[in-house]
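J.: the sequence isn't on hand, but the structure is:
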């Protein structure tokens, strides 16, 4: 949830530009609209592996470059031991070997039901959603 707190603290603003010559099936509105049905924002991760470049400086002040593969496991990125190399091309070949051995199926789907709503907005959203659920039953 740390990423979520950082997102809220960043106070990102979004500008929406409406083009005059829009297609006929696009409806424009300047006021909020009630959308029927559950609202979902989905993020699908295709792989839990990433290729990383890191520079390390030893106690004598010499800087060396390393390339490696990291795997996302248990909520954090962890180094894959057989993928470390100081040569980028060799590290890429090792990365491909790790990918061939690893499980690359669509691994996780995250569904966000709401994000960044204030207390009152959240209460209203929950009331609308629970009203929908009771109507369906």
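T.: Cool, the structure landed. Note that the coordinates shown come from a computational prediction; the quantities given were computed from them, not determined experimentally.
J.: isn't residue 129 up against residue 38?
T.: Yes: the criterion here is C-beta atoms under 8 Å, and residue 129 meets it with residue 38 at 7.2 Å. Where C-beta positions appear, they are placed from N, C-alpha and C, glycine not excepted.
J.: neighbour count: these two, which is higher?
T.: With neighbours defined as other C-beta atoms under 10 Å, residue 129 and residue 38 compare such that residue 129 has more, 14 against 10.
J.: ok, residue 53 - contacts?
T.: If you count contacts by C-beta atoms under 8 Å, 6 or more residues apart in numbering, residue 53 has them with 65, 66, 67, 88.
J.: now the residues you listed as CSV including neighbour count, distance to residue 50 and pLDDT?
T.: Listed next are the contacts of residue 53 as CSV, based on neighbours: other C-beta atoms under 10 Å; distance: C-beta to C-beta, whole Å; pLDDT from 0 to 100:
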residue, neighbour count, distance to residue 50, pLDDT
65, 13, 17, 91
66, 16, 14, 91
67, 20, 11, 92
88, 13, 15, 90
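J.: please consider this matter closed, and thank you.
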